[in-house]
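Undergrad: I'll drop the sequence and a predicted model, then ask my questions.
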Amino acid sequence: MFRRADSLLSSAGHGGSARPRAPRALHGLPKVVIVGNPNVGKSVIFNYLTGAYVTVSNYPGTTVEVSRGKCRISGVEFEVVDTPGMYSLLPITEEERVARHILLSEHPELVLHVVDARNLDRMLPLTLQLIEAGLPVALVVNVLDEAERAGIALDLGGLSARLGIPVVGTVAATGRGMKDLLRLVYAGRCPAQAACPAGQGDPLTAAAGRKSGCGRRCSTCPHAAGVAEGLVRPQPSRLSEQVYRPALKEWIAQVAASLKADYRLSRRAIALLLLQGDHEVAELVRKSEPPQSWRAIQGMLKRASDAFAEPLPYVVALDRQAALRPVVSAVMRLPTSTGPTLADRLSALTMRPLTGIPLLLLVLYFGLYQFVGVFGAGTVVDFLEEVVFGRYLLPPVSVLVRHLIPWPVWQDLVIGEYGLLTLGVRYAVAIILPIVGTFFLFFSVAEDSGYFPRLAMLVDKVFKRLGLNGRAVIPMVLGFGCDTMATMTTRILETRRERLIATFLLALAVPCSAQLGVILSLLAGKPLAMAVWAGVVLGVFLLVGWLTARLLPGSEPSFYMELPPLRLPKLSNVLAKTWARMKWYFLEVFPIFLLASALIWLGRLTGLFGWLVGLLAPVVQALGLPRDTAVVFLFGFFRRDYGAAGLFDLARSGGLTVQQLAVAAVTLTIFIPCIAQFSVMLKERGVKAALAMAGFIFPFAFLVGYTVNWVWTAVAALLAP
Amino acid sequence: MRNRRRFRHGNPAGGPAPAGVRLADLPEGTAGHVAALVTREPERLQKLMAFGILPGMPITLLQRRPAFVFQVGQTQVAVDERIAADILVTPSPD
C-alpha cells in the first residue's frame, strides 16, 4: 500500500511528488510534529495548539489520516502535524510507516514526543530512538493528573537532564502545563525568550515577541546565538553512547562505516535499522549503494544476526530497556501499593463474562436502542420530517417552485415524488442525519471511555470462530453506524484474510445506523417481526462467517490489545469527534442522495425506472411483498439507508403486513451494499474480491428473504386453527 | 529465515533457557516477573515489546477467561491463549 518506500529517508525524495500536499496556507511554516503511542493525548494537544484551522487528509498513497493545523504564538506561526500512533521507529503497521515517513521527510523543526506519565518506562525507548535518529525532540509527559492520582511521583527536571532534551509535564485535557508547552514550541522556533533577561521574551506576554525581535527566523534573530541548538537539538548525550552492548556496537559501527551514500538519518541510525531487519531501509540502501558494497553489507547483516542467540530487534530492545532502567528508577517513584480504584472495579466488571455480558446488553439497549433507535430515529426524525420539512419548509418552497418554474417536468425534479428536495434533501437531512448523528455520538462516548478494548476481549473467542479476532469488534460496531467508514477501518486488522472476512461480513449482515434506525422504528411494537429479523440476521452473520473462515485458507488470527484505563469521556472531545464524523458522512451521502434523486427522475422520464421496477417486481413478489417494494430495493442500490428510508415511507402509508415487514427488513439488511461501500470495497480489497462478494450477496439476500417468507407462511398455516 | 525457528529469550549469554512458567498455565492472581518471550513471529515479538512486556518487568495475571488479562508495569493488556503461552513468567515466592 505504501508505494513510496524508495523516497523514505533519502534526501533525493524531498520536495518531489512524494511530499504530502499540505494546505497552501501552511507551506513554508516551521513544522512541529507530534508523535507518540496511541491513546496518550496527542490529538488533544494538537487541538489545543491549532484551534480551529485544521485540515484532515489521507496521507498520499494511503488511507491513513493525518491532521495538520496552524498554531500562532506571539505572532509566530507554525504548522502542527498530528501523526498516527507509533510504538517504535521500526514500523509494523501502515500507521507507523506513515508516522515515520512524516518524521523523516518533512524536516520538523521540533518533534514533540507525547508520552503517558504512568507508562514512562515503556514509552521512553521511542524517545531514545528519536534522539538516536538525530531529530530535534522534546518530551511531553502527559496525563500527569492520573499518574499523581495513582501515587506516581516524577522528577521531570532530572529526566530532562538525563536525556539531554527539554521535558514538559502536562494534563492536556484540563490545560495544565500547556503554557509551558507553548513556550517550548516557541523556543524551538526562536530561542530569544529563553535567553531574554527578566522574562522580556516570554511569548505569552503581549508585545514580548516584538520587543525581543522574535517572530523572524531563528537564524536572523539577534538573540538566537546558538541557544536553539542547545535547547532542542539533542546533545550527543552520554546516554545514547552507552545503550548497546559492545558486540552490537561493533556491528553498528561496521555497518555504518560501509554506508557511503547520503541519508537523511545518521548512518548509525540507518545501520541500526538495517540490523533490525527493516525492509524499507534495506530497499533504500540497496538502491543508494553500489551493488558490490550492498552485497558486502548483506553479508555483514547475516553474520551479525548469526552472532546473536536472539533476533536483533529483541537484543536492541533489551539493551534500550537496560539503558533506560536506571533513568526511569531515578526519576519515577511508584506507589508502594494502593487498593483498586472505582474505575478499576468497574473495569473488572466489564471484563468478567458474568457481569460483562449483561453490561454489554445494557450498553446496547440504552445506547443503540433507546438513544439511536427511539430518540434519534423516532423523536428527532419525526420532528424534522413532520414539523420542519412537512409544515415549514416544503409547503412554501413548493409554492415558490411552482411559481418560478412553469414546466411540470422540471417542477417534478425539485418537488416531485422523488424530487431533489422532497426525496434527496429530505432523506439526507431529516431521516438519515439524525440517526447517524446520534449513533456517532454514542460511538464517540464508547470510544473515549475506553470500553471498546474491553468489548474486544469479551468477544474474542466468538470472533475467532469467524476467522477474526476480538479487535474486529471495532469495525463491526462502527459498521452499525456506517458500513463504508467501517470497511475503511478494517485496516486495523493484521492479515489480509481477516480484512477480507470483515469486509464481507460488513457488506452482508451488518446494517448501518440509518438502516438500523429505520428498521428498529418500523419493527417497534411488532416483537415477532423484530425477533425474526434479529435472529435471521445474526444467524446469517455467524453461519456465513463460520463457513467463510472454514473455506478461506490462512493462519488463525491472534489477539492482543492494550486495555486503557476506563475514563469519563470529555464532552468537548466527544462533540468534536462526532462532528468530524457527521461532516464526513454528510459530505459523502448528500451528493449521492441528490444524484440518486436526479437519476430516478431521469429514469422515470425515460421509462427506464419503470422497466427496472418491472424487472425486479416478480422477484419481490416471490418474497410475498407488494410490487411497490421493488422501488425500495432499487433505491437500496444507491445507498442502503436510502432504501431503508424508502421502506419507512412505504410502511408509514400502511402498505405492509407484519410478515411482509419482517421479510423486507431481513432482505434489505442482507441486500447488496450501497454504492459508497462498494466503491470502498473495490479500493480496499480489489476488483475480484469485491465482485465475488457482491455476486454472492445479491442472490443470497433474496434467497434468505424467500426462505423467511416461506417458513413464516408454513408455520402460520400450521398454527392456524 | 532465521526468525522462523523457535527460540527462547532472556539469556543473552546463550546459557540454558531461563526457568519460567507459561503465562497461560498460571492461576489467576499470580504475580511475578517476565522471564522471557518465546515466539517465532518477529512482528508479534515487537508488538509485545512495545506493550512493555520485556524480561524483568513485573507482571500480574488478572483474568484467564474469556481472554487472558494481565498487568505489566502500569499497563493492562489482553491477549489470547496462544500469545499467553509465548510469555514465560517467574512467579514471586509468596
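TA: Thanks, I have it.
Undergrad: Which of the residues in the strand or helix carrying A:Phe702 are classified as buried?
TA: Per DSSP states H and E: A:Phe702 is located in helix A:687-719. By 16 or more other Cβ atoms under 10 Å in any protein chain shown, the buried positions in helix A:687-719 come out as A:689-690, A:693, A:697, A:700-702, A:704-706, A:708-709, A:712. In short, each C-beta sits where N, CA and C put it, glycine included.
Undergrad: What parts of the stretch 151-300 of chain A come near chain B?
TA: A:Ile152, A:Arg245, A:Gly277 (Cβ under 8 Å from any Cβ of the partner chain).
Undergrad: can you do 10 Å?
TA: Proximity of the stretch 151-300 of chain A to chain B (Cβ under 10 Å from any Cβ of the partner chain) is limited to residues A:Ile152, A:Arg245, A:Ala247, A:Gln276, A:Gly277.
Undergrad: okay, those residues in TSV with neighbour count, secondary structure and pLDDT next?
TA: Shown next, in TSV, are those (neighbours: other Cβ atoms under 10 Å in any protein chain shown; DSSP: H, G, I helix; E, B strand; the rest coil; pLDDT from 0 to 100):
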residue	neighbour count	secondary structure	pLDDT
A:Ile152	18	coil	87
A:Arg245	14	coil	89
A:Ala247	12	helix	87
A:Gln276	22	coil	89
A:Gly277	17	coil	87
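Undergrad: Got the confidence number for residue 3?
TA: Went with chain A since none was named. Looking at A:Arg3, its pLDDT reads 34.
Undergrad: try chain B instead
TA: 42.
Undergrad: same deal with A:Arg639?
TA: For A:Arg639, pLDDT reads 59.
Undergrad: What segments of chain B are strands?
TA: Counting by DSSP state E, chain B has strands at residues B:21-22, B:31-37, B:58-63, B:68-72, B:75-79, B:87-91.
Undergrad: Pipe those into TSV and attach distance to A:Leu599, mean pLDDT and mean neighbour count per row.
TA: Output for those, formatted as TSV (distance: least, Cβ to Cβ, whole Å; pLDDT from 0 to 100; neighbours: other Cβ atoms under 10 Å in any protein chain shown):
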stretch	distance to A:Leu599	mean pLDDT	mean neighbour count
strand B:21-22	61	90	14
strand B:31-37	57	88	21
strand B:58-63	54	90	19
strand B:68-72	52	91	23
strand B:75-79	48	89	25
strand B:87-91	57	90	22
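Undergrad: Those strands: which one's closest to chain A?
TA: Evaluated over the strands of chain B, closeness to chain A peaks at strand B:75-79, with 3.8 Å, by Cβ to the nearest Cβ.
Undergrad: send the alpha carbons of that closest one over as CSV?
TA: What follows is strand B:75-79, C-alpha atoms only, in CSV (Å, rounded to 0.1, in the frame of the first residue of the first chain):
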residue,chain,number,x,y,z
THR,B,75,-0.3,-1.2,31.6
GLN,B,76,-3.1,-3.7,31.3
VAL,B,77,-3.0,-6.0,28.2
ALA,B,78,-5.5,-8.6,26.9
VAL,B,79,-4.2,-11.5,24.8
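Undergrad: Show me which residues of the stretch 451-600 of chain A are close to chain B?
TA: So far as Cβ under 10 Å from any Cβ goes, the stretch 451-600 of chain A lies against chain B at A:453-454, A:456-462, A:464, A:469-470, A:494, A:555-565.
Undergrad: Is it possible to mark the buried ones in the residues you listed?
TA: Using 16+ other Cβ under 10 Å as the burial test, these include A:453-454, A:456-461, A:464, A:469-470, A:494, A:557-565 as buried.
Undergrad: Tell me how many other residues crowd A:Asn47.
TA: By the criterion of other Cβ atoms under 10 Å in any protein chain shown, A:Asn47 has 20 neighbours.
Undergrad: Now it: which helix or strand?
TA: Here A:Asn47 is assigned to helix A:42-50, by DSSP H and E.
Undergrad: ok, now A:Leu90?
TA: Mapping A:Leu90 onto the secondary structure by DSSP H and E places it in no helix or strand at all.
Undergrad: and the helix holding A:Phe702, what other elements does it pack with?
TA: Helices and strands touching helix A:687-719, as assessed by 3 or more Cβ pairs under 10 Å, 6 or more residues apart in numbering or on different chains; DSSP states H and E, comprise helix A:496-509, helix A:527-551, helix A:608-622, helix A:629-638, helix A:658-670, helix A:675-685.
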